[in-house]
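I'll drop the sequence and a predicted model, then ask my questions.
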Amino acid sequence: MTESHKARAPTVLRTGRPNREPLDADEVIAYGLAFAEDLGVSIPKRKRLRRILKRRIPIPQIYQGADYRLWVDRYYIAAQRLADERFRYVYLTRIHIRSELLANQRMQKQHGVPLLDSEALTEFAAARRAMERFQTDYALRLSSSTAGGTARLNLDAAWSCA
């Protein structure tokens, strides 16, 4: 990304209510492309990815490199290290968290087996705390930007939105 992300205004001027917008598709694509490059995962060009993510019902795109598998969706970006199968989110929205928690409840109720492990539940809780703190509907794991540099998605960074 050539420019750093700026968190959306904490309130909508017209109504005074918190801004509940996740990142738009272009921002998700920019983060996804930069993150894929950092992980060494080859993904399609911006135009094709935009066409997929702008659909009314977006389909998560899964790409694999030598060391990582990468998920890019309008509502989340996640990576899985192939060596240990560890799945980590770097961009989450309330929409995705709610969807996953409901699926987890259904699976637990119908089959007696949880869909999500404790690590995913912990990540969701930490991301939600960041969303509340920053009054947004999304959270990112961003590395600190250096002077004149840009913040980039980082698997080990703390949740924030700025």
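Good, I have the coordinates. Only a predicted model underlies this, so the values are computations on that prediction, with no experimental measurement involved.

count of neighbours near residue 74?
By other C-beta atoms under 10 Å, 23 other residues sit near residue 74. (C-beta placed from N, C-alpha, C; glycine too.)

is it true that it touches residue 26?
No - with contact defined as C-beta atoms under 8 Å, residue 74 does not count as touching residue 26 (10.7 Å).

for this structure, which strand is longest?
With secondary structure taken from DSSP state E, the chain has its longest strand at strand 86-93.

immediately after it, which helix or strand?
Note on strand 86-93: by DSSP states H and E, the next helix or strand toward the C-terminus is helix 94-111.

for the next helix or strand after that following helix, packing partners?
Per DSSP H and E, helix 94-111 leads on to helix 118-134 as the next helix or strand towards the C-terminus. For helix 118-134, the packing partners by 3 or more C-beta pairs under 8 Å, 6 or more residues apart in numbering; DSSP states H and E come out as strand 86-93, helix 94-111, strand 138-141, strand 159-160.

residue contacts, residue 154?
90, 141, 142, 143 (C-beta atoms under 8 Å, 6 or more residues apart in numbering).

what's the closest of those residues to residue 159?
Nearest to residue 159 among the contacts of residue 154 is residue 141, at 6.1 Å by C-beta to C-beta.

could you tell me how many residues sit around that closest one?
Residues lying near residue 141 (other C-beta under 10 Å) number 24.

thought residue 161 was touching it, still the case?
No - judged on C-beta under 8 Å, residue 141 makes no contact with residue 161 at a distance of 10.4 Å.

pLDDT weak spots in the chain?
Residue ranges of the chain with pLDDT under 70: 1-21, 144-149, 162.

50 - rerun?
Residue ranges of the chain with pLDDT under 50: 1-4, 8-15, 17.

okay, and the beta partners of the residue nearest the centre of it?
The chain has residue 91 as the residue nearest its centroid, 1.8 Å off, counting by C-alpha atoms, centre = their mean. In this entry, residue 91 is beta-bridged to residue 77, residue 140, by DSSP bridges.

ditto for residue 70
Beta bridges link residue 70 to residue 63, residue 79, judged by DSSP bridges.

now it: how far from residue 159?
Distance of residue 70 to residue 159, computed by C-beta to C-beta, to the nearest Å: 19 Å.

and if you look at residue 99?
For residue 99, the distance to residue 159 - C-beta to C-beta - is 18 Å.
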